[in-house]
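In: requesting a structural model of the entry that follows:
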Amino acid sequence: MKQNIAILCSGGDVSGMNPALKRFVEYSLQNNLTPYFVYDGYEGLIDNNIQKASYCDVSGIINRGGTKIGSARSKRFMQVEYRNIAKQNLDALHVTMLIVLGGDGSFRGLHQFYKEHNIKFCGVPSTIDNDISGTDYCLGVDTALNMIKFSIDSIRDTASSFKRAFVIETMGNKCGYLALVSHLTSGSELCLIPETAYNLNEYEQKFKQEIQNGRRYFIAVVAEGIKEDSKEIARWFEEKIGIESRVNVLGHLQRGGNPTVKDRLMAYKFITYAIDALLDNKNETIVCYTKEGFRYKEINAVVNTPYQLDEELIKFINSPKATE
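Out: Reported below is the predicted structural model:
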């Protein structure tokens with residue numbers, strides 16, 4: 001008798017979810033499993049918006065951002081009565097295995113669901129914030145970084161033309177990963193992230209000296225979770241450095257876009273490892289990607305361990321020094 005397996009997307013969407021859905025259907029059928037899509041995340045589990053999936057459902061979606069089956073943040077799933085309904089809906093379809101593409105909050109809900117109903121699951125880290133403990137990489141991050149790269153490169157053109165400072169704000173909540181990596185790979189002059197203390201006064205002499213030596217523009221990349229508002233940073237450039245400034249909040253464009261080759265490949269691998277875990281009776285794990293490769297980690301360790309940004313990356317932020 002075939003086993004039934006379902007997949008859902010929870011929380012913020014990322015580019016890479018559609019390639020993951022494609023691999024999910026194909027690899028499930030390859031392993032004699034019947035695949036089901038849960039539409040609109042945990043809300044779909046509660047509302048019984050669960051449908052059998054086939055090759056036709058994933059044809060032509062590998063190059064599309066977002067997620068064909070929708071995503072959501074579900075307050076109802078936090079309540080035990082709605083989790084009971086979700087379990088009843090899965091039981092009615094004889095779904096015994098569940099894969100969840102999501103972030104830390106999604107995994108916390110999944111952990112509670114497992115403790116109450118013991119349904120086999122595997123989580124795939126999927127958030128552009130890249131802030132899940134235990135994994136060095138989350139699905140969607142590379143595409144987000146490339147969207148930011150394109151934006152910064154475009155903004156630099158106008159910044160240099162008009163002698164301006166641009167403060168570019170990235171997503172990341174309280175995690176500065178996107179801002180830091182974008183700073184290191186874009187050649188920006190200033191990077192501010194929640195993980196490191198900073199004093200803008202320390203940059204004044206250096207930046208003023210650079211203007212005297214011919215610098216025409218500045219690019220500052222800041223994470224949304226820093227203590228100052230981006231407008232305050234722009235005001236600092238105008239009042240202290242003496243250069244006209246603009247703020248560009250990149251916002252949700254970071255989540256969209258054509259999935260990069262890396263995210264398509266990572267989606268393929270993440271889903272393959274997830275299904276293999278369930279078939280191997282690993283019943284409550286998260287697929288993590290580390291310097292040692294793919295590893296399975298218990299969900300309890302993942303959701304109960306605070307995320308920490310790579311110290312090596314943080315060290316790459318140079319202290320401001322005035323030019324001789």
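
In: tell me which other helices or strands the lowest-mean-pLDDT helix or strand in the chain touches.
Out: None of the helices or strands of the chain scores lower by mean pLDDT, DSSP states H and E than helix 311-315, at a mean of 88. If contacts are counted by 3 or more CB pairs under 8 Å, 6 or more residues apart in numbering; DSSP states H and E, helix 311-315 sits against helix 177-186. Using the backbone N, CA and C atoms, a C-beta is placed for each residue, glycine as well.

In: now do the helix or strand just after the helix it packs on: distance to the chain's middle.
Out: Note on helix 177-186: by DSSP states H and E, the next helix or strand toward the C-terminus is strand 190-192. Computed by CA atoms, centre = their mean, to the nearest Å, the chain-centroid distance of strand 190-192 equals 20 Å.

In: show residues contacting strand 190-192.
Out: With contact meaning CB atoms under 8 Å, 6 or more residues apart in numbering, strand 190-192 is reached by 179-180, 183-184, 198, 203, 218-223, 226, 228, 233, 317.

In: direction included, what does it pair against?
Out: strand 218-223 (parallel) (DSSP bridges).

In: okay, buried residues for the partner strand please.
Out: Across strand 218-223, burial judged by 16 or more other CB atoms under 10 Å covers 218-223.

In: using PDB, list the CA coordinates for it.
Out: What follows is strand 218-223, C-alpha atoms only, in PDB (Å, rounded to 0.1, in the frame of the first residue of the first chain):
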ATOM      1  CA  PHE A 218      28.800  56.600  -0.500                       C
ATOM      2  CA  ILE A 219      26.900  53.400  -0.300                       C
ATOM      3  CA  ALA A 220      25.700  52.300   3.100                       C
ATOM      4  CA  VAL A 221      24.100  48.900   3.600                       C
ATOM      5  CA  VAL A 222      22.100  48.600   6.800                       C
ATOM      6  CA  ALA A 223      20.000  45.800   8.300                       C
END
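
In: angle of the one helix or strand residue 145 maps to against helix 177-186?
Out: According to DSSP H and E, residue 145 maps onto helix 141-162. Between helix 141-162 and helix 177-186, the angle comes out at 60 degrees (axes from the mean of the first three to the mean of the last three CA atoms, to 10 degrees).

In: list the buried residues of helix 141-162.
Out: Buried-residue list, helix 141-162, by 16+ other CB under 10 Å: 141-148, 151-152, 155-156, 159.

In: need those residues in TSV (columns: distance to residue 101 and pLDDT).
Out: Compiled in TSV, these are given as follows (distance: CB to CB, whole Å; pLDDT from 0 to 100):
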residue	distance to residue 101	pLDDT
141	13	97
142	16	98
143	14	98
144	15	97
145	19	98
146	20	97
147	19	97
148	21	97
151	25	96
152	28	97
155	31	95
156	34	93
159	36	91
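
In: the one helix or strand residue 268 maps to to helix 141-162, inter-axis angle?
Out: Assessed by DSSP H and E, residue 268 sits inside helix 261-279. With the same axes, to 10 degrees as the basis, helix 261-279 and helix 141-162 are set at 160 degrees to each other.
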